[in-house]
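J.: no letters, just coordinates:
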């Protein structure tokens, strides 16, 4: 087994009666490097399954979460379902069965074995030149196995050791619509963003943006080519501005940097600053902080992903140390994560000391801890301080009442609300009178 982990001998979920060896090959060691070479491993992680005689049974290249999905793939292989060995044996018996040939081609394609995958895809085309003998899925659409084979031959030729744009150009000349055609334009545009002659590249990229004027990938390739060659800068700016218009509310930072690069090429640093300066980065930080906070509060309330939730809460505090809202939310996440010391560190006595003369902040502080039902002595102290700072504001007296109510000191809470009524404007009095009535009922006074 080639991957990120090491397992000692064990039985695998009962699929085998005997033990088997799972081995992690480290290419920095001779034994591992020899395995990489022997089995032509092109990427990691690769899980390679072998028979006792050393012949290949199946493989899985790469890893995409969740783990359960990956485990299900491994289970299928151990059960002999859709394995390389299964299709290889079928192919040996009937090399003209297109489903078998196509499946085997995709196995080698997944393994980045360009030579074998291309040869088998060519067999698919030869067996079914008109594409009538089977379909496969491509980005939630159905395409013939033949069309997919032609597309993959073009793709492999673009990104192999020896680049050849011919197969993909032939594919795009033959087919004109569909998601797979758009993908072909995207892949060839990606190649031309760095490769090819200037004339050849710009001819294709002009064609691509004309066909897909709102496709971010095609437009980005055009822009990267302009930045790379430093030619056609005005056209590059036009495409880059269009990209950012398409993603107005959440632009890709790389695209914004490209636009700044183009402005810089023209010596327009003021414009570069207007799109990629302090306002841009402040906006990105704010967006990230909101996302990090949402993540922290979501998982902390569900007691899952606690380590990453804690890390996100830490980042929120670090990036927004003066923002009341973010500090309160981070403190709430810390409390939910059963880390009260951390909550008090960011939103506790030091905070009160720092904002000892800010009545509004102290009112928010006392309300937060009263709602949490924690740090009530600190909340009471902060609330009382607001009555000194803003004695004519009924909210100050109400803040004290809320904490007393949480402490079940209803007589004291009633006195504070009576004081709030005393200083309140006429249009505020009814609210506090209603609250006073509720408190008195709770206290058994009425």
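T.: Thanks, I have the structure now. Please read all numbers here as calculations on a predicted model, not as lab measurements.
J.: now do the strands in the stretch 1-150 of the chain.
T.: 46-50, 56-61, 135-138, 141-144 (DSSP state E, counting those that start in this stretch).
J.: how about those in a markdown table, adding mean pLDDT?
T.: Converted to a markdown table, these look like this (pLDDT from 0 to 100):
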| stretch | mean pLDDT |
| --- | --- |
| strand 46-50 | 89 |
| strand 56-61 | 90 |
| strand 135-138 | 96 |
| strand 141-144 | 96 |
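J.: can these go into TSV with extra columns for distance to residue 191 and mean neighbour count?
T.: Using the backbone N, CA and C atoms, a C-beta is placed for each residue, glycine as well. Output for the strands of the stretch 1-150 of the chain, formatted as TSV (distance: least, CB to CB, whole Å; neighbours: other CB atoms under 10 Å):
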stretch	distance to residue 191	mean neighbour count
strand 46-50	25	19
strand 56-61	22	19
strand 135-138	20	14
strand 141-144	22	15
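J.: low-confidence regions, the chain specifically.
T.: Under the criterion pLDDT under 70, the flagged ranges of the chain are 1-21.
J.: let's see that with 90 instead.
T.: 1-47, 49-55, 61-80, 112, 159-162, 244, 246-252, 427-428, 443-446 (pLDDT under 90).
J.: any idea how it splits into domains?
T.: 1-81, 97-276, 283-405 (automatic domain parsing).
J.: looking at the ones you listed, which is closest to residue 443?
T.: The closest of these to residue 443 is domain 283-405. By CB to CB, the value is 10.0 Å.
J.: any idea how far the closest one is from the chain center?
T.: Taking CA atoms, centre = their mean, to the nearest Å, one finds domain 283-405 lying 28 Å from the centre of the chain it belongs to.
J.: can you get me the start-to-end distance on it?
T.: Taking CA to CA, to the nearest Å, the first and last residues of domain 283-405 lie 41 Å apart.
J.: could you do stretch 398-413 as well?
T.: Stretch 398-413 has an end-to-end distance of 8 Å (criterion: CA to CA).
J.: and it, how far from the chain's centre?
T.: Relative to its chain's centre, stretch 398-413 lies at 45 Å (CA atoms, centre = their mean).
J.: and the contacts of that stretch?
T.: For stretch 398-413, contacts defined as CB atoms under 8 Å, 6 or more residues apart in numbering pick out 362-363, 366-367, 369-370, 373, 376, 379-380, 382-384, 386-387, 414, 416-417, 420, 432, 435, 439, 442-443.
J.: are any of those residues buried, and which?
T.: For the contacts of stretch 398-413, a burial check counting by 16 or more other CB atoms under 10 Å picks out 362-363, 366-367, 369-370, 376, 379-380, 382-384, 386-387, 414, 416-417, 420, 432, 435, 439.
J.: list the buried residues for the helix or strand containing residue 240?
T.: Residue 240 belongs to helix 233-246 when assigned by DSSP states H and E. Within helix 233-246, the residues that count as buried by 16+ other CB under 10 Å are 233, 235, 236, 237, 238, 239, 240, 241, 242, 243.
J.: tell me the one of those residues nearest residue 167?
T.: residue 239 (26.8 Å).
J.: follow-up on the earlier one: got TSV for the strands of the stretch 1-150 of the chain, with distance to residue 396 too?
T.: Formatted as TSV, those follow (distance: least, CB to CB, whole Å):
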stretch	distance to residue 396
strand 46-50	65
strand 56-61	64
strand 135-138	64
strand 141-144	64
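J.: among the ones you listed, which is nearest residue 339?
T.: Proximity to residue 339, assessed across those by CB to CB, is greatest for strand 46-50 (37.6 Å).
J.: what's the angle from that closest one to strand 56-61?
T.: Angle of strand 46-50 versus strand 56-61, following axes from the mean of the first three to the mean of the last three CA atoms, to 10 degrees, is 170 degrees.
J.: oh, and call the first residue 20 from now on, that's how I've got it
T.: Okay, using 20 as the starting number, the last item reads as strand 65-69.
J.: got a list of contacts for strand 65-69?
T.: 20-22, 58, 60, 75-80, 93, 96-97, 102, 130.
J.: these: which two are farthest apart?
T.: With CB to CB as the measure, no two of those lie farther apart than 60 and 97, at 20.1 Å.
J.: let me see the contact set for residue 226.
T.: If you count contacts by CB under 8 Å, 6+ apart, residue 226 has none.
J.: I am finished for the moment; much appreciated.
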